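S.K.: task: produce atomic coordinates for the following.
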Amino acid sequence: EKRITSCQSVSSKNLQCDTMQSAFVFLLILLTSTWIPLVQSFSMTLSISEKLQSMDITIRESPSPKGNYISCVRTGNLLHLCGHIPQKDDGSLVCGRLGKDLSVEEGYESARWCAINILNTLHKELDGDWDRVVKVVKVVGFVNSADDFQQQPDVINGASDLFGEVFGPAGVHARSAVGSNTLPLGIATEVEAIVEIKD
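M.R.: Now for the predicted structure:
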């Protein structure tokens, strides 16, 4: 009888232990499903400025228009951003023809500078509120190309990759990459964009 009682006692303790473990697992799942989306949302909210900082990108005044136009026009919830040039932080321009003067890697960097300058204009238009960006809808890139150069998409990836890094899924866009036998000021690339925003 003592042996039976002892076994029953052990079984009871095991049952209590299993019940506590199940309750703990349920609580852990509940907390995980509740807090992870909140943490992710919080991270996404503050991540753009942090991402730019981690990428060593400093938001500055965007280059002034080089003709009779303005840098950005809003229609509805769409911002149409003009063609932006590859002007670096020191004011110098990336110039030359792809396939003749510049490598694909140099062209990639040129397109990236164009995208950075688009961010500068976008930052100004949004009064610094990155949360208003809904979607980078479309990007059009022009590449100053030698006659036999055919890697325009690889060059304009410099802009596309940057938008993806900064905005995540919202930075994935439709795109055209166009070769040109010359560009204004002899620049290597020019990039324009359409961005959906919210009020």
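S.K.: ramachandran coordinates for Pro86?
M.R.: Main-chain torsions, Pro86, degrees, to the nearest 10: phi -80, psi 70.
S.K.: which pLDDT value goes with it?
M.R.: The pLDDT attached to Pro86 in the predicted structure is 97.
S.K.: distance check, it against Ala146.
M.R.: To Ala146, Pro86 is 18 Å away according to Cβ to Cβ, to the nearest Å. (C-beta placed from N, C-alpha, C; glycine too.)
S.K.: more neighbours: which of the two?
M.R.: Under the criterion of other Cβ atoms under 10 Å, the comparison of Pro86 against Ala146 puts Pro86 first, with 28 against 14.
S.K.: doesn't Leu102 make contact with the more buried one?
M.R.: No - the pair formed by Pro86 and Leu102 falls short of the contact definition of Cβ atoms under 8 Å, at 10.7 Å.
S.K.: which neighbours do the two have in common?
M.R.: Common contacts of Pro86 and Leu102, defined by Cβ atoms under 8 Å, 6 or more residues apart in numbering, comprise Val94, Ser110, Ala188.
S.K.: how much space separates the first one from Pro169?
M.R.: Counting by Cβ to Cβ, the gap between Val94 and Pro169 amounts to 29 Å.
S.K.: between the two, tell me which one has more neighbours.
M.R.: Set side by side, Val94 and Pro169 show unequal neighbour counts under other Cβ under 10 Å, the larger going to Val94 at 22 against 8.
S.K.: tell me which element the residue lying closest to Leu79 once chain neighbours are set aside is part of?
M.R.: Closest residue to Leu79 apart from its sequence neighbours, by Cβ to Cβ, 6 or more residues apart in numbering: Val195 at 4.6 Å. Mapping Val195 onto the secondary structure by DSSP states H and E places it in strand 189-197.
S.K.: also Gln150?
M.R.: Secondary structure assigned from DSSP H and E places Gln150 in neither a helix nor a strand.
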